[in-house]
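> pasting the sequence and the predicted coordinates here, then a few questions.
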Amino acid sequence: MKVFHLSTWRQRCGIADFAESIVTHLARQGIQNEVFPLNTPALKHATTAELRRDYDRALRMAVDFDLVHVQHEFGFFAGAGGLFEAIENFGYVLSGLRNAGRPTVVTFHGEPAFAGLVPAAPAGTALQMLVGKLRTRRVVRKLERLWQRQVVPFFDGRPGSFRVLVHTPRTRLAVIRSGLAANCVSVMPMGHSLRDPAFLVADRAAAKTELGLPPDSILLTIFGFVTAYKGHLLAVQALKKLPPQYHLAIVGGPNLANSSDTTLNSILEAWDGENPRRLMITGFAPRETVDLYHAATDICLAPFLPGNIAGSASATWAFTSGKPTIASNIPAFAEIQQAVDCLLLCTPNAVHELAWHIQQLAANPALQAKLAKNALQFAAAHSWDRVIEGLIRTYQEMTVGTNTRDSRSNELSQIQAQLQSAA
């Protein structure tokens, strides 16, 4: 089987890492892959015509493959435009793939819940706020109608429909409510890269010494891009309420593709005047650095803010670390906790509660061990090897009969060419 992938690729992007994991594990199963990279930084200031020339190039290449797998996030298709252009361009790509007769699978990394994607009306007088809310509702309705016209028809559940993969049952329901047929939308859990067993018995004290931490320190760690919705600022505010032996490591840096995110500045501002040794920010870190901090960590944190979060690759790093995790009680994590008791959940945006939970967990070795053990079991059940098995089954369902039709079409073309030559 030959699969054509449309995705961000080999850039500092969680979805690019996700796509690379898929391609790597598919290749191990004998699947041939080619990636058409969506260079989002370069396309950020592209016109619609320029974007579509790039899409046309991808569509011409796609005809030589058995199936196309698209990684979707609205920003990938927006160019210099906003949500309206992102929907129109996504529909343009889907239409091109339908015309090319290519079975297509799309992984949605966010929900088409436009009420949560449109910026809220700015504060002002009561009248100004009312007018702003009415304008926002009109924009949301327009986006929903555009989605119905440009995207929904390709996922209507009839023979030849495209398929959607999402990471959680909640996201599946949101996608179906946006208009897609239920039989077109399946759950493909986030894959986990399992650690070498030797890593799980690494010397925590030695790792802390290597990082310059005191022997009695309690290290809290957040992994991944520094961005507002992951709750880094909340963790820093909680750190200020904890005793001096508590330290926080932020292993990651800002996402350079989002130049307007001031989360890192807010973190530094909030910690101004405090002991600088208690807060460590690595910036973008190689895997060796990630592993060192994981080895030294006592508790992982995932204090995400409420929003349309479908899943997080950085959370999978916490689950495979062998360390307990405190996470916000948002749907994406609540679903995991309901399935497997592997998290300590905390109310989102609750600084004092987060600090309290941290101290309670730090004082409870038995609970730490239980959460870490259950998280490792959850990660093993959702390892990339297992996730890829399900993905290949989806591919096979999508391509049944396609190769035969393509073969017959090629034979017909050859016969027609021979008849024309003879004439």
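Structure received.
> stretch 87-106: how far from the chain's middle?
Between the centre of stretch 87-106 and the centre of its host chain there is 21 Å, according to C-alpha atoms, centre = their mean, to the nearest Å.
> which parts of that stretch are buried?
87-94, 96-97, 100, 102-106 (16 or more other C-beta atoms under 10 Å). Just so you know, the C-beta spots here come from the backbone N, C-alpha and C atoms, and that holds for glycine as well.
> from these, which is closest to L173?
Ranked by distance to L173 (C-beta to C-beta), those are led by V106 at 16.8 Å.
> for that closest one, which three-state class applies?
strand (DSSP: H, G, I helix; E, B strand; the rest coil).
> how near is it to P169?
For V106, the distance to P169 equals 18 Å [C-beta to C-beta, to the nearest Å].
> what does F84 give?
29 Å.
> so what's the gap between stretch 223-238 and the chain middle?
With C-alpha atoms, centre = their mean, you get 16 Å for stretch 223-238.
> same deal with stretch 351-361?
Counting by C-alpha atoms, centre = their mean, stretch 351-361 comes out at 27 Å from the chain centroid.
> can you list the buried residues in it?
351, 354-355, 357-358, 361.
> what's the answer for stretch 364-384, then?
Neighbour-count burial for stretch 364-384 [16+ other C-beta under 10 Å]: 368, 371-372, 374-376, 378-379, 382-384.
> put together JSON lines for those, with secondary structure, pLDDT and distance to Q338 on each row.
What follows is those, written out as JSON lines (DSSP: H, G, I helix; E, B strand; the rest coil; pLDDT from 0 to 100; distance: C-beta to C-beta, whole Å):
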{"residue": "Q368", "secondary structure": "helix", "pLDDT": "97", "distance to Q338": "21"}
{"residue": "L371", "secondary structure": "helix", "pLDDT": "97", "distance to Q338": "15"}
{"residue": "A372", "secondary structure": "helix", "pLDDT": "95", "distance to Q338": "19"}
{"residue": "N374", "secondary structure": "helix", "pLDDT": "96", "distance to Q338": "12"}
{"residue": "A375", "secondary structure": "helix", "pLDDT": "95", "distance to Q338": "14"}
{"residue": "L376", "secondary structure": "helix", "pLDDT": "94", "distance to Q338": "18"}
{"residue": "F378", "secondary structure": "helix", "pLDDT": "94", "distance to Q338": "12"}
{"residue": "A379", "secondary structure": "helix", "pLDDT": "94", "distance to Q338": "17"}
{"residue": "H382", "secondary structure": "coil", "pLDDT": "93", "distance to Q338": "15"}
{"residue": "S383", "secondary structure": "strand", "pLDDT": "94", "distance to Q338": "20"}
{"residue": "W384", "secondary structure": "helix", "pLDDT": "95", "distance to Q338": "23"}
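> so which of the buried residues of stretch 87-106 are in helices?
87-94, 96-97 (DSSP state H).
> the closest residue to I299 other than its chain neighbours in helix, strand or coil?
Spatially, and ignoring its direct neighbours in sequence, I299 is nearest to L220 (5.2 Å; C-beta to C-beta, 6 or more residues apart in numbering). Assigned state for L220: strand (three-state reduction, three-state DSSP).
> show me where pLDDT drops low in the protein?
Low-confidence segments of the chain (pLDDT under 70): 120-123, 127-132, 257-258, 308-311, 401-423.
> state which helix of it is the longest.
Max-length helix for the chain by DSSP H is helix 126-150.
> partners of the helix or strand just after it in the sheet?
Moving toward the C-terminus from helix 126-150, the next helix or strand (DSSP states H and E) is strand 163-166. According to DSSP bridges, strand 163-166 has the following sheet partners: strand 104-108 (parallel), strand 185-187 (parallel).
> how far away from the center of its chain is the shortest one?
Think strand 185-187. The mean C-alpha position of strand 185-187 is separated from the chain mean by 15 Å, C-alpha atoms, centre = their mean.
> other residues contacting that strand?
155, 163-169, 172, 175-176, 394 (C-beta atoms under 8 Å, 6 or more residues apart in numbering).
> right, I'll call it a day here.
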